[in-house]
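Engineer: Quick one, fold the following:
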Amino acid sequence: MSRFLLRLAATCLCTAAGLAGFTVGAAAANPDNTWVLLSPLPERLGSPIFAMAASPTEPQTLLVGTGGGTIYRSGDGGATWREVRHDPGHAVLSLAFNPYQKGVVLAGTRGAGVLRSADGGQTWAVQPGTDRAAARGFAFAKSFTAAGTDQGVLLGREAGGWTPAGLSQLSVSALAVAAANDPTRLVAGADASRGAEPLPLYSSPDGGVTWNEVKGLTTAANMVAVLAAGPVPPRGDTRPLLMGTNTALYQSTDGGQTWQQLTGGGALPATDFTAAAFVAGHPDRYYVASDGGASDRGGLWSTADGGQHFTSLRAPVSAVTALAVTGEEQPTLYVATFRPADHAVMLFSYRDSGGTPNPPNPPLTGARAGAGAANAVAAGPAAPRSVAGWLALLLSGPEAPFLALGAGAAVVILLALAAYITRARWRRL
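Structural biologist: Prediction:
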């Protein structure tokens with residue numbers, strides 16, 4: 001009898017583990033062309049997220065930085081989060097993986113300089129020579145890394161640390177490497193300048209030694225928010241560039257010397273652009289995001305023909321503040337949104353295989369989208385303060401059936417143990 005009970009208990013435990021594993025696997029699988037609401041970060045957020053990065057080699061590895069000075073890491077595509085660094089008072093402004101060094105990530109902070117991780121974002125170290133700088137963007141060449149800061153451009157090399165590289169009169173908000181081989185061509189843009197240029201946009205043909213103002217661009221914009229470089233084309237070393245400003249999106253095919261405005265057949269709004277990213281290996285496929293300039297005109301768009309036409313991916317919340325794209329042929333997009341009406345911050349994923357976009361399931365309606373639940377969605381449920389509270393949280397969650405099955409198996413094990421002990425006693429008698 002006891003052997004039968006033990007076998008039954010083992011079967012129950014294996015079944016519970018199998019069902020739980022199936023459930024986790026199903027939750028981690030991202031359906032094609034469907035928006036998925038990710039788990040909330042373990043803190044209450046009152047400001048938008050601007051820093052987000054996805055590993056180019058591990059699609060499930062995602063990093064997010066907050067205005068509260070915390071960096072969170074997820075190894076399962078946003079299903080769970082772990083705090084890996086917290087520095088109160090120093091907001092995380094940017095995050096970027098180095099495409100030339102596996103596992104190397106940089107983080108830009110407000111007032112605490114540049115942070116570096118060599119293990120995919122699990123541990124971090126402050127970079128000497130960047131102290132007190134506000135680092136807002138990164139660009140990677142084969143021989144160095146460039147950081148855009150409120151003190152101009154800083155260059156970092158493996159052996160020599162970080163050194164100034166000009167444009168100290170600018171608060172550099174965006175950088176791109178137009179040609180990665182030496183002599184490296186850089187492009188830098190700013191949203192604040194002490195100069196008189198109509199648009200603070202500069203290029204360097206020699207890796208930051210000298211800088212030239214980019215002229216001849218007719219635009220109503222006065223700040224550069226986004227610069228992104230595409231993959232190296234089959235012939236030549238000059239990469240396609242994208243520039244997002246507070247009024248429009250532009251493209252350059254000659255290393256940033258000349259720019260053409262993109263409208264995508266009228267699909268793009270004439271408002272603030274916040275992010276842009278290319279699909280790996282495809283200079284004609286990329287994504288652009290906008291927060292709408294505090295309006296409902298923002299969103300996320302894709303193109304497969306180099307910007308001639310754009311398709312809206314119908315972001316669940318129109319104000320998109322950050323974007324990260326994985327390195328796959330059919331990439332997963334990670335998106336941070338901000339709802340001005342109630343300051344709700346939400347994180348989503350979207351696997352793009354080219355089909356018609358589908359909204360989250362269940363949709364963001366009723367309690368999930370209401371102002372009263374916005375902070376709950378953004379910050380997650382409050383941590384229970386008692387044993388009863390923890391028990392109630394567990395029993396009300398999706399894992400409740402498996403907990404019950406596990407508890408039943410434990411009861412069976414105890415009964416089998418009791419039967420075994422009783423039988424042993426009778427034998428001694």
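Engineer: Can you give the domain ranges for the protein?
Structural biologist: Here the domain parsing of the chain from automatic domain parsing is 2-24+386-428, 31-379.
Engineer: Run through the residues that contact A248.
Structural biologist: T219, A220, A221, Q261, L262, L268, A270, F273 (CB atoms under 8 Å, 6 or more residues apart in numbering). Where C-beta positions appear, they are placed from N, C-alpha and C, glycine not excepted.
Engineer: got the domains of the chain as CSV, with mean pLDDT columns?
Structural biologist: Listed next are the domains of the chain as CSV, based on pLDDT from 0 to 100:
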stretch, mean pLDDT
domain 2-24+386-428, 44
domain 31-379, 90
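Engineer: looking at those, which is buried most?
Structural biologist: Of all those, domain 31-379 carries the top mean neighbour count, a mean of 19, counting by mean count of other CB atoms under 10 Å.
Engineer: Centre of the chain to that domain, how far?
Structural biologist: A distance of 8 Å separates the centroid of the chain from that of domain 31-379, by CA atoms, centre = their mean, to the nearest Å.
Engineer: Closest one to G281 out of the contacts of A248, please.
Structural biologist: L262 (20.9 Å; CB to CB).
Engineer: Report the secondary structure state of the nearest residue to that closest one once chain neighbours are set aside.
Structural biologist: The shortest distance from L262 to any non-neighbouring residue, by CB to CB, 6 or more residues apart in numbering, is to G307 (4.3 Å). Under DSSP: H, G, I helix; E, B strand; the rest coil, G307 falls in the coil class.
Engineer: show me what contacts the residue minimising distance to the centre of the chain?
Structural biologist: For the chain, the residue sitting closest to the mean C-alpha position, by CA atoms, centre = their mean, is M52 at 2.8 Å. For M52, the contacting residues are L62, L63, V64, G65, L95, A322, L323, A324, Y334, A336, by CB under 8 Å, 6+ apart.
Engineer: and which of these is nearest D254?
Structural biologist: Looking across the contacts of M52 and measuring by CB to CB, the closest to D254 is L323, at 25.5 Å.
Engineer: Touching, T163 and G129? I think so.
Structural biologist: Yes - between T163 and G129 there is a contact at 6.4 Å, judged by CB atoms under 8 Å.
Engineer: Now intersect the contacts of M52 with the strands, please.
Structural biologist: Those of the contacts of M52 mapping onto strands are L62, L63, V64, G65, L95, A322, L323, A324, Y334, A336, per DSSP state E.
Engineer: Pull up the gap between T332 and S74, please.
Structural biologist: 12 Å (CB to CB, to the nearest Å).
Engineer: picking that back up, generate JSON lines for the contacts of A248, with secondary structure and distance to V153 as supplementary columns.
Structural biologist: As requested, these are exported to JSON lines (DSSP: H, G, I helix; E, B strand; the rest coil; distance: CB to CB, whole Å):
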{"residue": "T219", "secondary structure": "coil", "distance to V153": "22"}
{"residue": "A220", "secondary structure": "coil", "distance to V153": "26"}
{"residue": "A221", "secondary structure": "coil", "distance to V153": "20"}
{"residue": "Q261", "secondary structure": "strand", "distance to V153": "26"}
{"residue": "L262", "secondary structure": "strand", "distance to V153": "26"}
{"residue": "L268", "secondary structure": "coil", "distance to V153": "29"}
{"residue": "A270", "secondary structure": "coil", "distance to V153": "29"}
{"residue": "F273", "secondary structure": "strand", "distance to V153": "21"}
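Engineer: would you list these in CSV and tack on distance to G189?
Structural biologist: Output for those, formatted as CSV (distance: CB to CB, whole Å):
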residue, distance to G189
T219, 12
A220, 15
A221, 10
Q261, 15
L262, 16
L268, 18
A270, 18
F273, 12
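Engineer: My guess is V232 contacts A180. True?
Structural biologist: Yes - under the criterion of CB under 8 Å, V232 makes contact with A180 at 7.0 Å.
Engineer: Mind listing the shared neighbours of those two?
Structural biologist: R239.
Engineer: Strands of the stretch 51-200 of the chain, residue ranges please.
Structural biologist: Along the stretch 51-200 of the chain, the stretches classed as strands by DSSP state E, counting those that start in this stretch are 51-54, 62-65, 70-74, 82-86, 92-97, 105-109, 114-117, 125-126, 135-140, 145-149, 152-157, 161-164, 170-179, 185-193.
Engineer: what angle separates the longest one from strand 92-97?
Structural biologist: For the pair strand 170-179 and strand 92-97, the angle between their directions (axes from the mean of the first three to the mean of the last three CA atoms, to 10 degrees) equals 10 degrees.
Engineer: Okay then, goodbye and thanks.
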